[in-house]
Structure formats: structure tokens, C-alpha cells
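1. here is my input, please return the structure:
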Amino acid sequence: MQVEEARRLLVDGLGGGPEPPSPESAREVIARLARPEALGPLVRRLSAGDLEFAECLRLSYRHALGFDKLLLLPGAPRFMLRVHFWHGAAGAVSEDIHNHRCAIASAVVRGRVRMECYEPAADGVPAVAYRETIDGPGGAWRLRRVGDARLRLLHDEQYGAGRSYGLAARTLHRVVSEEPTVTLFLETAPQRSVTDVYVRSHGRVADRGSVTYSGADPARTGAADRAGGAVRGGRAGRGDPPPKTPLPPAVYRAELDALAVSLGY
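-> Predicted structure coming up:
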């Protein structure tokens with residue numbers, strides 16, 4: 001797939017009306033883009049560095065959790081198409097439970113991830129709630145504590161290569177990757193200016209129920225975007241995440257080139 005074809009698919013699939021795109025429409029778009037015959041040529045062209053290279057590089061960085069977030073196609077405010085490289089390093093920091101500013105979708109290209117969905121519940125385990133803001137596109141994250149909370153686990157599932165999924169903006173979730181993994185990740189139009197982050201006070205959130213999903217593929221996803229929680233004196237604490245540092249151009253190109261080769265291009 002060529003770059004302009006990908007852009008048309010994103011614009012047409014997500015729509016341009018006043019209502020935000022649904023998680024399912026975002027999932028359908030990301031599933032088509034993640035097919036090897038579509039993603040391979042697209043990544044190969046982008047790895048040459050001749051298409052909006054400076055903008056993509058400025059918004060590509062090593063995340064606090066240790067995975068690399070590479071921007072493929074900028075299209076703000078309607079969409080941002082990224083690829084996440086999870087290196088599967090031993091001792092990777094666990095992410096916090098969180099939601100997003102927009103509906104998102106993801107497709108596993110290589111490897112696998114585990115996704116967990118949560119909800120607030122009076123009988124859940126203790127957590128500390130934070131409100132997160134961001135200093136504009138590519139800017140630093142800011143966290144403000146808003147109080148105590150309790151959460152319970154709704155669902156826990158593994159996703160392997162070829163599967164795609166979407167999430168509504170407010171759905172609470174976390175993702176775990178324990179092996180080298182590549183995911184294609186789609187951010188849609190923002191629906192709000194903040195996200196909610198929950199730092200668990202201790203242990204794993206207990207499984208206290210299940211949830212039923214409908215559709216061609218489950219409307220749920222993980223997109224790891226937080227550093228792990230710290231516990232001080234029996235209470236969870238959190239400072240602002242470290243600043244974003246753009247990836248070196250050589251790293252950006254090398255990772256895209258390796259992905260293209262793995263897809264046969």
C-alpha cells in the first residue's frame with residue numbers, strides 16, 4: 001500500500017463528521033493497514049525517510065516502559081498512525097491502568113500481548129487515581145493526584161499476530177508484553193483533554209467478573225502509555241513521567257527497515 005492510499009483509507013474509514021469514530025470503525029481500518037501486503041510496502045517507503053521525515057522523527061521516542069513509539073503517518077487532529085516496538089526485555093516496568101483521550105485501535109503484527117480491562121468497583125482493590133494532561137503534541141506528561149479509588153479486573157486475554165481490537169476513549173485497561181512484539185497503533189480524533197491513570201496500592205487487581213463483547217473482533221485493546229507505579233509507605237506514589245526524547249534518525253530508520261524485511265519487503 002502506498003502512503004496516499006493509506007491516508008485515504010484512514011480518512012474514509014474514520015469519517016469526517018462531528019461524531020468521533022467508533023472503536024469498531026477504527027479497528028476495521030487498523031486491521032486492513034496491518035496486513036503484510038499493505039504494511040510492508042508502506043513501511044519500506046517510510047524507512048527511506050523522504051516523507052514528512054522530520055515531523056515523524058520529532059514525534060517518535062523511547063517510551064518510559066521501554067518500547068519504541070514510531071510515528072508512521074501524522075494526521076492530527078483526525079488520526080495518528082504509529083508502530084510500537086516492544087523489545088521484551090527482562091524486568092520491563094509494568095504499566096499503570098489507564099484510558100485515553102480518544103478511541104484507539106491496535107493490531108498485533110509480530111509477537112503477542114496480554115490485555116486486561118478494568119472498572120471502578122466498591123469491592124475492588126485499592127488504587128490511587130491521577131488525572132493526566134499533556135503539554136501539546138509531543139509534549140511532556142503531567143500527573144495530578146485526584147483521590148483514592150478501587151478497581152476490579154473484568155477481562156484478561158492474549159492477542160497474537162493477526163488480531164486487531166479497539167477501545168472507547170474511557171475504557172480502563174493495561175497491556176503486558178513479555179516477548180519481542182510489534183503492534184500497529186491508531187489514535188483517532190481527541191474526545192477530551194485528559195486521561196485517567198490508576199496506580200494500584202499493592203498486588204494485582206483481583207478478578208471479580210467477566211464482560212461480554214460483540215462484533216467481528218472484541219472492542220478492547222492495550223496501548224501501553226504509562227510508567228509503572230511506586231509504593232511508598234504503603235501508598236502508591238507517582239511523579240511526572242520522564243521527558244520524551246526523540247529517537248535518533250538511525251534508530252528510526254533501522255527499526256522500520258527491519259520490520260519491512262520481516263514482512264517480506
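2. so how far is E24 from R101?
-> Distance of R101 to E24, computed by C-beta to C-beta, to the nearest Å: 19 Å. C-betas here are computed from N, CA, C, even on glycine.
3. could you do S177 as well?
-> Going from S177 to E24 by C-beta to C-beta gives 24 Å.
4. cool, and M80?
-> Note on M80: its distance to E24, by C-beta to C-beta, is 19 Å.
5. more crowded one of these two?
-> Neighbours were counted for M80 and for E24 using other C-beta atoms under 10 Å; M80 has more, 21 against 18.
6. who touches that one in this structure?
-> Taking C-beta atoms under 8 Å, 6 or more residues apart in numbering as the contact definition, M80 lies against 59, 71, 73-74, 186-187.
7. could you work out the most separated pair of those?
-> Maximum pairwise distance in these, criterion C-beta to C-beta, is 14.4 Å, between L59 and L186.
8. so, low pLDDT: which residues of the protein?
-> For the chain, the stretches with pLDDT under 70 are 50, 89-94, 136-139, 202-242.
9. those strands in it, which residues are they?
-> Using DSSP state E, the strands of the chain run over residues 61-62, 68-75, 79-86, 97-98, 104-110, 112-134, 141-160, 164-167, 172-176, 181-188, 195-200, 230-232, 235-237.
10. and P249, which of the ones you listed is closest to it?
-> Evaluated with C-beta to C-beta, these place strand 68-75 nearest to P249, the distance being 11.5 Å.
11. could you list the buried residues of that closest one?
-> Using 16 or more other C-beta atoms under 10 Å as the test for burial, strand 68-75 gives 68-73, 75.
12. tabulate these (a markdown table), appending distance to A31.
-> Below are the buried residues of strand 68-75 laid out as a markdown table (distance: C-beta to C-beta, whole Å):
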| residue | distance to A31 |
| --- | --- |
| D68 | 22 |
| K69 | 20 |
| L70 | 20 |
| L71 | 20 |
| L72 | 16 |
| L73 | 16 |
| G75 | 18 |
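13. from the residues you listed, which is closest to P41?
-> Minimum distance to P41 across the buried residues of strand 68-75 is 12.4 Å, recorded for L72 (C-beta to C-beta).
14. need the contact list for that closest one.
-> Contacts of L72 by C-beta under 8 Å, 6+ apart are 42-43, 46, 56, 81-83.
15. and with 7 Å instead?
-> 46, 56, 81-83 (C-beta atoms under 7 Å, 6 or more residues apart in numbering).
16. from those, which is closest to H63?
-> Of the contacts of L72, the one sitting nearest to H63 (C-beta to C-beta) turns out to be R82, at 10.8 Å.
17. pull the number of nearby residues for that closest one.
-> Neighbour count of R82, defined by other C-beta under 10 Å: 21.
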